[in-house]
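Engineer: Predicted coordinates and the sequence they were generated for:
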Amino acid sequence: MALSKTEFEELLTDFRKVAAEPNRFHVIPYRTRWIVSSMNPRYTRYFRSRDAAVEHARGLAEKSQGVLVMHRKDGDVEERFSFKESSAQAV
Amino acid sequence: MAATPRDFERDLFINCPFDTAYLPLLQCLIFTVLECGFRPRIALEGADSGQVRFQKIQELIRSCRFSIHDLSRIEPLHSEDLPRFNMPFELGLDLGGRYFGNGRLTRKQCLILERERYRYQKVLSDIAGNDIRAHEGDPAILVLEVRNWLRVAAGRSLPSGSSIWERFSAFKDSVGATFHLRSYSSRDIEVLEIVEYMEFIRNWQANQPAPL
């Protein structure tokens, strides 16, 4: 994919909006632990088990009608669930 | 043109494989260097086809106080390939600058990385006394090794490895979600030019200042 200058600028404009979006709660494997994290609002908490981390992050995402983002060991996104509607939807 | 003293202290030369298999590590490496407040310099950054690559490498080595050399491709990626010698060659040039150069070049510092801890000794035993760090092909370990080295080499306060990893994961989510929104596939992210990828990181950092 070779992006034209216009395509790249449009992509960057969307990217800035997505990056500023609040209430995206990440569940991130890190060495022997799991991190629940959000950039906006700034939030970090460590867990010993994946289940405990997911449960906690899901609660935060539900309460704030945000998005739960599950990450793989390499940092890539495995799945996203949006709580912007009444129930979780994969996005 | 010679780098200004400020640029010399801030610029970090990255000498690593450029194949697709290494790309996730390269992207993570660039993110970490930027998060630590340094400016990554890489042979791929220039668009001037008229410049001889060796000349470009010399300029980069001369203008950067810090450098990271990843020797992971001392073994071929596929059985029918041959090993890549560019990385050890550029490491040699960099060390030559430090030991035979003068002035600020004598203050150059480098981190040598490999995938496995002691594998390099079989093919590059001359540097066996150096402290080579292994990332095991794991980007989270790479973040930690690079961050810990820069903390000591530059002698400045830096965000923790876990904090950089947390932010890198969130950054990847923002990139992926944007590409999805625009109906690009996740494979399209892989073919972004390195300078474009850096532009995404800088934009993201502007939105999410690092907790130093």
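Structural biologist: Thanks, I have it.

Engineer: just checking, B:Asp11 touches B:Phe66?
Structural biologist: Yes: between B:Asp11 and B:Phe66 there is a contact at 7.3 Å, judged by C-beta atoms under 8 Å. Quick note: C-beta positions are derived from backbone N, CA and C, even for glycine.

Engineer: Need the overlap of contacts for these two.
Structural biologist: B:Phe38 (C-beta atoms under 8 Å, 6 or more residues apart in numbering or on different chains).

Engineer: higher neighbour count, these two?
Structural biologist: Shown here are B:Asp11 and B:Phe66; by other C-beta atoms under 10 Å in any protein chain shown, B:Phe66 has more neighbours (26 against 20).

Engineer: near chain A, which residues of chain B?
Structural biologist: By the rule C-beta under 8 Å from any C-beta of the partner chain, the part of chain B lying against chain A is B:24, B:28, B:138-140, B:162-163, B:165-182, B:184, B:188, B:191-192, B:196, B:199-200, B:203-204, B:207-208, B:211.

Engineer: Give me the buried entries from the residues you listed.
Structural biologist: Buried residues within the residues of chain B next to chain A, counting neighbours by 16 or more other C-beta atoms under 10 Å in any protein chain shown: B:24, B:28, B:138-140, B:162-163, B:165-179, B:184, B:192, B:199-200, B:203-204, B:207-208.

Engineer: Out of those residues, list just those in helices.
Structural biologist: Among those, the members falling in helices are B:24, B:28, B:139-140, B:162-163, B:165-179, B:199-200, B:203-204, B:207 (criterion: DSSP state H).

Engineer: Summarise which helices and strands whichever strand or helix holds A:Glu7 is packed against.
Structural biologist: Assessed by DSSP states H and E, A:Glu7 sits inside helix A:5-20. Contact here means 3 or more C-beta pairs under 8 Å, 6 or more residues apart in numbering or on different chains; DSSP states H and E; on that basis helix A:5-20 packs against helix B:161-181, helix B:194-207.

Engineer: can these go into CSV with extra columns for mean pLDDT?
Structural biologist: Shown next, in CSV, are those (pLDDT from 0 to 100):
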stretch, mean pLDDT
helix B:161-181, 96
helix B:194-207, 94
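
Engineer: Dump these to TSV, plus distance to A:Tyr43.
Structural biologist: TSV is the format used below for the helices and strands packed on helix A:5-20 (distance: least, C-beta to C-beta, whole Å):
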stretch	distance to A:Tyr43
helix B:161-181	10
helix B:194-207	16
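
Engineer: Which pLDDT value goes with B:Gly129?
Structural biologist: pLDDT for B:Gly129: 69.

Engineer: And for B:Pro76?
Structural biologist: At B:Pro76, the model reports a pLDDT of 69.

Engineer: pLDDT weak spots in the chain?
Structural biologist: Defaulting to chain A. By pLDDT under 70, the weakly predicted segments of chain A are A:1, A:86-87.

Engineer: hmm, I had chain B in mind actually
Structural biologist: Residue ranges of chain B with pLDDT under 70: B:1, B:46-50, B:76-77, B:129, B:210-212.
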